[in-house]
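> Dropping the sequence and predicted coords here.
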Amino acid sequence: MVDIDRLSDDFRPPERRQGQARILRDDAEALAVAAELAAELASGAARRDQERILPREELDKISDAGLFAITVPKAYGGAGVKLSTVARVIALLSAADGSIGQIPQNHFFLLEALRLLGTEAQKRFFFDRVLAGERFFNALSERGTKTAHDFATRFVRQDDGYRLNGRKFYSTGVLFAHWIGVIANDETGRTLLAFVPPKTPGITLKDDWSGFGQRVTGSGTTVLEDVQVHPFGVLDFQALFERPTAMGPYAQLMHAAVQQGMAEGSLAAMVDYVRHRARPWRDAGVDRAADDPYLLALAGETKVRVDAAALLLERAGRLVDQSAAGPQARNVAEASIAVAEAKAASTETALLASSRIIELGGSSATLAEYDLDRFWRNARTHSVHDPVRWKYKFIGDYWLNGNVPPRHGAI
């Protein structure tokens, strides 16, 4: 039996945020709070991107507002919102700031793993930390392995639990983490997930992300050198995909939501720039860019694409919620395909809309003072997380041949 009251000493966690975080009650409140925060986050997005200012204060505001706790089940004191609501929250934040919008995805992914895999004691302990405002971010992918989903990092079992050694890259949000979710293989090749405090001896966090987009996601290198891992913080991650669960489509639903938010943010920026700064083409014979007929046509096309992608995301969210409520092989596959369709549409729409800002805005829209290129840079950078071409392949194979996609978090 684990003495939960003593785990704080064993884990050496960060200072708790008890009493600071708001507890949200339901889906409607979560969406309202996200919309309110998004309006605030948008005002500083360009400056954070240009000067590479890491959004520590902004993430604390999101924590204090209770948004990081919205998936904690009602039985453990949380709002227990629908997974489709999580997607919409992420889209709202991503429309305001693409970098900030991507960061919560890993937190919610790890909490869903805890919900599906954790013991009662683990759930009570870690969900309590989340309700207190603490954040869980990942050290998942590595460089130098055969694929981004192969791991050289290893758990070694010892009498006092595990020792962990390896090097992770693309550790989205890790610089802002109260807990790091590390995924690695044990001696038998089985994939495990461990929750480890970032100040545990042997952990080094490097702020070395140099991508041209998503510049302030905190996606640096996590170095793990003989890190002691308490067995209470370990989950059998591989079990998530050995049976039908909504975990895979849920993970991708959140990534689709990031792109959808970027598309919506790009559209809003385009509308604002055309209305207030762009000039019409001389042959249009009009005084305002917003009356230029060809510009109107392209703006209209962009709006249609953004709205269509939003509807695909909404449909995918409903199917993910249905599969989460009663997961079976068929409904999980249906949800995965619907999410793949939404992700393909939102990705291509985000790239289109973010390019249209410059096309319709004209030469002045390229000026550094406006930082409008960040919309395309963010969308393009996030788009390579998992390739759209493979989504089309699995969609076609499902509808033509009835073949279901594989179970993992990248479909």
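Done, it's in.
> List the first helix or strand encountered after the helix or strand bottoming out on mean pLDDT in the chain toward the C-terminus.
None of the helices or strands of the chain scores lower by mean pLDDT, DSSP states H and E than helix 7-11, at a mean of 58. Toward the C-terminal end, the helix or strand that comes next after helix 7-11 (DSSP states H and E) is helix 27-42.
> Residues contacting stretch 390-410, please?
Stretch 390-410 has contacts (C-beta atoms under 8 Å, 6 or more residues apart in numbering) with 109, 149, 241, 244, 247-248, 251-252, 329-330, 332-333, 336-337, 340-341, 343-344, 385-386, 411. In short, each C-beta sits where N, CA and C put it, glycine included.
> Are any of those residues buried, and if so which?
Among these, those classed as buried by 16 or more other C-beta atoms under 10 Å are 109, 244, 247-248, 251-252, 332-333, 336-337, 340-341, 343-344, 385-386, 411.
> Inside helices: which ones of those residues?
For those, the ones inside helices are 109, 247-248, 251-252, 332-333, 336-337, 340-341, 343-344, with DSSP state H as the criterion.
> would you turn the residues you listed into a markdown table with distance to residue 45?
As requested, these are exported to a markdown table (distance: C-beta to C-beta, whole Å):
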| residue | distance to residue 45 |
| --- | --- |
| 109 | 24 |
| 247 | 30 |
| 248 | 30 |
| 251 | 25 |
| 252 | 25 |
| 332 | 36 |
| 333 | 37 |
| 336 | 32 |
| 337 | 33 |
| 340 | 29 |
| 341 | 29 |
| 343 | 23 |
| 344 | 26 |
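> Out of those residues, flag the one nearest to residue 95.
Of all these, the one sitting nearest residue 95 is residue 343; the distance, using C-beta to C-beta, is 16.6 Å.
> Roughly how far does the closest one sit from residue 157?
When distances are taken as C-beta to C-beta, to the nearest Å, residue 343 and residue 157 turn out to be 37 Å apart.
> which residues of the protein fall in strands?
Counting by DSSP state E, the chain has these strands, from start to end: 136-139, 154-158, 161-171, 179-185, 191-196, 203-206, 220-229, 234-235.
> Who are the contact partners of residue 142?
148, 150-153, 166-169.
> pLDDT check: weakest of the residues you listed?
By predicted confidence (pLDDT), the lowest-ranked of the contacts of residue 142 is residue 148, with 75.
> residue farthest from the centroid of the chain?
residue 285 (45.3 Å; C-alpha atoms, centre = their mean).
> For that one, give me phi and psi.
Taking degrees, to the nearest 10, you get phi 70, psi 30 for the backbone angles of residue 285.
> Relative to residue 92, how far out is it?
Counting by C-beta to C-beta, the gap from residue 285 to residue 92 is 39 Å.
> got it, and residue 217?
The value you get for residue 217 to residue 92, if C-beta to C-beta is used, is 17 Å.
> Then residue 75?
Computed with C-beta to C-beta, the distance linking residue 75 and residue 92 is 27 Å.
> go on, residue 163?
According to C-beta to C-beta, residue 163 and residue 92 sit 41 Å apart.
> which of the two has more neighbours?
When residue 163 and residue 92 are compared for neighbours, residue 92 comes out ahead with 25 against 17, by other C-beta atoms under 10 Å.
> can you tell me which residues contact that one?
With the criterion set at C-beta under 8 Å, 6+ apart, residue 92 makes contact with 31, 34-35, 38, 101, 261.
> Confirm for me that residue 303 is in contact with residue 268.
No. Applying C-beta atoms under 8 Å as the test, residue 303 and residue 268 come out as separate, 10.8 Å apart.
> Now for the two: what residues contact both?
Shared contacts of residue 303 and residue 268 (C-beta under 8 Å, 6+ apart): none.
> More neighbours: which of those two?
The neighbour comparison of residue 303 against residue 268 (other C-beta under 10 Å) goes to residue 268, with 17 against 14.
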